[in-house]
Each structure stands twice: as C-alpha cells, then as structure tokens.
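Asks: sequence? don't have it. structure:
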C-alpha cells in the first residue's frame with residue numbers, strides 16, 4: 001500500500017509539470033502504482049488476518065456511508081480551498097475580502113456543529129441529513145447569487161469593501 005500510494009501521489013503531483021504520460025517516469029510510476037494497489041487489494045482480501053479489512057465494504061450500508069462521507073468531504077475541502085482562489089484570481093478580491101466573504105459559512109459551521117451532535121441522539125439522522133441538504137442548497141444558491149453580483153459589480157472596478165459587506169450593501 002505504501003508503494004502504491006506514494007507513487008500515485010508522485011504521479012498526481014508531478015504529472016502536470018511533466019506533461020503526464022509523455023514522460024516515461026510518470027508512465028512507469030503509474031504502472032507501479034496500479035500494480036502495487038492491485039496487489040494490496042488482492043493480499044488484503046485473501047489474508048486470514050488482514051491489516052485493512054476490505055470485507056467491510058460488502059455491507060451496503062457501510063459502503064454507501066463511506067462513499068457519501070468521502071464525496072461530502074471532497075466537496076467541502078474543494079470549496080474551502082478552491083473558492084478563495086476563485087475569488088482572488090477571477091473576481092479580483094484581495095485575501096481579506098475573500099476571507100470576509102467566506103467567514104459567515106465558517107462561523108455557521110462552528111456554531112451549529114455542537115448542536116447537531118446533541119440533536120443526533122434525539123432526531124432521526126435522515127431528518128438531519130435532509131435539513132442539511134436543504135440548508136446547503138440554500139447557502140450555495142445565495143452564495144452563487146452574491147458572487148454573480150460581485151462579479152458584475154467588479155467587472156468595471158475592483159470590489160471596494162469586504163465580501164459580506166458588499167453583499168449586504170447590494171440588497172438595498
């Protein structure tokens with residue numbers, strides 16, 4: 001597993017710089033990663049006492065929960081890392097403006113997290129997930145609308161006030 005993950009990480013980091021599969025090093029390390037990860041999976045599935053019990057993924061609930069959790073984490077981290085870059089590179093915000101624009105979301109997560117932990121034992125989890133989906137959709141829609149307004153207002157000039165303040169002033 002170590003060899004497979006290490007070579008795959010090298011391929012993903014150095015691939016764009018070396019023109020992906022035009023480079024013999026990237027091609028060779030891709031093959032090494034594929035063989036090493038396949039060997040790891042075969043070894044773990046046939047071992048009497050596996051280090052990583054991959055048989056757990058036979059349980060549909062566990063597999064679905066793990067997949068959904070992985071996708072949600074990827075989406076959260078993708079927006080946490082890519083949205084500030086988008087605001088700075090495309091919309092022309094400076095670091096403070098993009099930070100101020102994302103601050104309400106961060107504060108909301110910080111405030112709500114302890115309450116959700118307590119609610120989880122009292123309310124059916126499906127209801128919490130459904131409410132989270134509705135609120136998440138609402139937040140993305142309002143965020144997209146405010147980014148669109150900010151983009152429209154910064155097309156002829158740079159944004160002169162922090163993100164959430166310019167968003168609030170656009171509702172007058």
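Replies: Nice, I can see it. Not measured: the values here are computed from a predicted model. Numbering: from 1, shown residues only.

Asks: do you know how far residue 138 is from residue 18?
Replies: Residue 138 sits 43 Å away from residue 18, going by Cβ to Cβ, to the nearest Å. The way it works is simple: take the backbone N, C-alpha and C, and place the C-beta from them, glycine included.

Asks: Residue 139 reaches residue 109, doesn't it?
Replies: No - Residue 139 is beyond contact range of residue 109, at 10.4 Å (criterion: Cβ atoms under 8 Å).

Asks: residues in contact with stretch 38-51?
Replies: 1, 4, 52, 53, 54, 55 (Cβ atoms under 8 Å, 6 or more residues apart in numbering).

Asks: let's see 6 Å
Replies: Outside stretch 38-51, the residues within contact range by Cβ atoms under 6 Å, 6 or more residues apart in numbering are 1, 4, 52, 54.

Asks: residues of it that come out buried?
Replies: residue 40 (16 or more other Cβ atoms under 10 Å).

Asks: what about residue 138 and residue 18, which has more around it?
Replies: residue 18 (14 against 10; other Cβ atoms under 10 Å).

Asks: Identify the residue spatially nearest to that one, adjacent ones excluded.
Replies: residue 26 (5.3 Å; Cβ to Cβ, 6 or more residues apart in numbering).

Asks: show me what contacts the one you found?
Replies: The contact partners of residue 26, taken as Cβ under 6 Å, 6+ apart, are 11, 15, 18, 20.

Asks: so which of those residues is the most crowded?
Replies: Of those, with other Cβ under 10 Å as the count, residue 11 tops at 23 neighbours.

Asks: Please tell me how far it sits from residue 29.
Replies: Separation of residue 11 from residue 29 (Cβ to Cβ): 5 Å.

Asks: just residue 40 next, same as before
Replies: To residue 29, residue 40 is 16 Å away according to Cβ to Cβ.
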